[in-house]
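**Student:** requesting a structural model of the entry that follows:
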Amino acid sequence: MTTNGGWMFLLNSLTIGGSERKTVNISNYLASVGNRIHIAYLCKPATLAGDIDDAVSVLFLDRKGKFDLSVPRKLRNYWINNNISAAWCVNSYPALYAYSAARQLKNRPRLIASTNTTIFHTMYDRLQMLVYAPVFRRLDTLVFGTALQQQLWNREYSLAGTDSRVIYNGIDTAFFRPVDSAARAAAREKLGIRPGALCLGCVAQFRPEKAHADLIRALEALLAQGVDCQLLLVGEGRTRPGIQQLVTTKGLRERVCFLGTQNDVREALSALDIFVLASTSVETFSNAALEAMAMGKAVILSRIGGAAEMIGDGENGILYEPGDVNALVAAVCRLSDSAARDRYARNARTRVCDLFTLERMARAYEATLANTNL
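**Tutor:** Down below sits the predicted model:
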């Protein structure tokens, strides 16, 4: 419990996304055990604002333009007035604002930053790190989502001298839990999944790195091999129209269901036989995959980011090389056997409950904010 002031989480927005939802969940948890928690966000949308508990204070900074000089001033005033002792920046852009605000304070909050990206692939992102890397070196603590990410960032951006730690994502395993057969059957019927069909699914924003096209190509190949399967896609984003066109072009409209953004993904997850995440970049430690595992689903993940730290390949999930559609198809075929699939699913649930719970993650966040060891 905090004794020397409140703690702030600073985000770009409160849109529906893995980092944003995780931050809200952690904030609510930390507030529920007696900590003074504040959430500040730079710009709209604020879709998740209604999910924030009343005990958590919320500040909208109303950023305008590329770099709004009024934001550091607003942050400084808020930190002083609310005796903020630590500010946690979620991703690079908020870290830049927090660092700018702290430079003009004699007694500044401890600055902590976490980031979701493991490897930057685009030239634009790599150029941006010329600005962000010096900022990260001057923060008090860096938090990485996987050991692999920590190693890569320390090497690529000369961060080895900065205090850092690894905190794995965690989820509420009481909220995300297996459903009974009746609830599963009802969900499948509602979503139009035919009896006996192998239902694959993904929960991810439609962005290039999520590689939804690989899922469509895998579905086409599976059907050609005689595997009766369907695909559920949860999420929105700029690549959705192109994916819908690909589905139409390949004659798969009756096999693919686009569910859009879901505030509660449990119904969709309960209908699945296999959860698949085909990302080819950016992914660090997928909350969506953890949620599926907690609900007792077999998972197939591309081998990027912390996927190999999340699951044991061949024990509680299957890993394949990103972009290798043939390997993805082979992994689905391995799990087409219901007995094998059930074994993977049970092991997946056990692994999440043992290692990746919301409480375990929140305790690690609390210790980091308080600058103590677990």
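**Student:** going forward, measure contacts between C-alpha atoms and count neighbours the same way
**Tutor:** Will do.
**Student:** avg pLDDT for stretch 357-372?
**Tutor:** For stretch 357-372, mean pLDDT is 94.
**Student:** and stretch 187-201, how far from the chain's centre?
**Tutor:** 25 Å (Cα atoms, centre = their mean, to the nearest Å).
**Student:** go through that stretch and flag the buried ones.
**Tutor:** By neighbour count on 16 or more other Cα atoms under 10 Å, the buried set for stretch 187-201 is 187-188, 192-193, 198-201.
**Student:** endpoints of that stretch, how far apart?
**Tutor:** One end of stretch 187-201 sits 13 Å from the other (Cα to Cα, to the nearest Å).
**Student:** what sits up against it?
**Tutor:** 227-234, 257, 267-276, 336 (Cα atoms under 8 Å, 6 or more residues apart in numbering).
**Student:** which of those are buried?
**Tutor:** Here, 16+ other Cα under 10 Å leaves 227-234, 257, 267-276, 336 buried among the contacts of stretch 187-201.
**Student:** where in the protein is pLDDT low?
**Tutor:** 1-4, 118-122, 124-125, 373-374 (pLDDT under 70).
**Student:** for stretch 85-101, which outside residues touch it?
**Tutor:** Contacts for stretch 85-101 (Cα under 8 Å, 6+ apart): 4-12, 19, 42, 71-73, 75-76, 79, 108-116, 132, 135-136, 139, 369-370.
**Student:** which parts of it are buried?
**Tutor:** Under the neighbour-count criterion of 16+ other Cα under 10 Å, stretch 85-101 has 85-101 buried.
**Student:** so what touches stretch 55-63?
**Tutor:** 27-28, 31-32, 36-44, 70-71, 74.
**Student:** show me the helices in this structure, by range?
**Tutor:** 18-32, 70-81, 92-102, 123-137, 147-156, 181-190, 212-224, 240-249, 266-271, 287-294, 307-310, 325-334, 338-355, 358-369 (DSSP state H).
**Student:** out of the ones you listed, which comes closest to Leu48?
**Tutor:** Nearest to Leu48 among those is helix 18-32 (7.2 Å), distances taken as Cα to Cα.
**Student:** what packs against that closest one?
**Tutor:** Counting contacts by 3 or more Cα pairs under 8 Å, 6 or more residues apart in numbering; DSSP states H and E, helix 18-32 packs against strand 6-11, strand 37-41, helix 358-369.
**Student:** now do 6 Å
**Tutor:** If you count contacts as 3 or more Cα pairs under 6 Å, 6 or more residues apart in numbering; DSSP states H and E, helix 18-32 packs onto no helix or strand.
**Student:** quick one, it and helix 287-294 angle?
**Tutor:** 70 degrees (axes from the mean of the first three to the mean of the last three Cα atoms, to 10 degrees).
**Student:** using CSV, list the CA coordinates for helix 18-32.
**Tutor:** Extracted in CSV, the C-alpha atoms of helix 18-32 (Å, rounded to 0.1, in the frame of the first residue of the first chain):
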residue,chain,number,x,y,z
GLY,A,18,-4.3,-5.3,-24.8
SER,A,19,-2.1,-2.7,-23.1
GLU,A,20,-5.0,-0.4,-22.3
ARG,A,21,-7.3,-3.1,-20.9
LYS,A,22,-4.4,-4.5,-18.8
THR,A,23,-3.6,-1.1,-17.4
VAL,A,24,-7.2,-0.6,-16.4
ASN,A,25,-7.3,-4.0,-14.7
ILE,A,26,-4.1,-3.4,-12.8
SER,A,27,-5.3,0.1,-11.7
ASN,A,28,-8.6,-1.3,-10.4
TYR,A,29,-6.8,-4.1,-8.6
LEU,A,30,-4.2,-1.8,-7.0
ALA,A,31,-6.9,0.6,-5.9
SER,A,32,-8.9,-2.2,-4.4
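**Student:** returning to what we had before: now the buried residues of stretch 187-201 in JSON lines, with distance to Ile167?
**Tutor:** Shown next, in JSON lines, are the buried residues of stretch 187-201 (distance: Cα to Cα, whole Å):
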{"residue": "Ala187", "distance to Ile167": "34"}
{"residue": "Arg188", "distance to Ile167": "35"}
{"residue": "Gly192", "distance to Ile167": "38"}
{"residue": "Ile193", "distance to Ile167": "37"}
{"residue": "Leu198", "distance to Ile167": "34"}
{"residue": "Cys199", "distance to Ile167": "32"}
{"residue": "Leu200", "distance to Ile167": "29"}
{"residue": "Gly201", "distance to Ile167": "27"}
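**Student:** just the ones of those residues in strands?
**Tutor:** 198-201 (DSSP state E).
**Student:** in CSV, list those residues along with distance to Ile52.
**Tutor:** Putting those into CSV (distance: Cα to Cα, whole Å) gives the following:
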residue, distance to Ile52
Leu198, 37
Cys199, 33
Leu200, 32
Gly201, 28
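**Student:** for Asp342, state which of the residues you listed is nearest.
**Tutor:** Nearest to Asp342 among those, with distances taken as Cα to Cα, is Leu198, at 13.1 Å.
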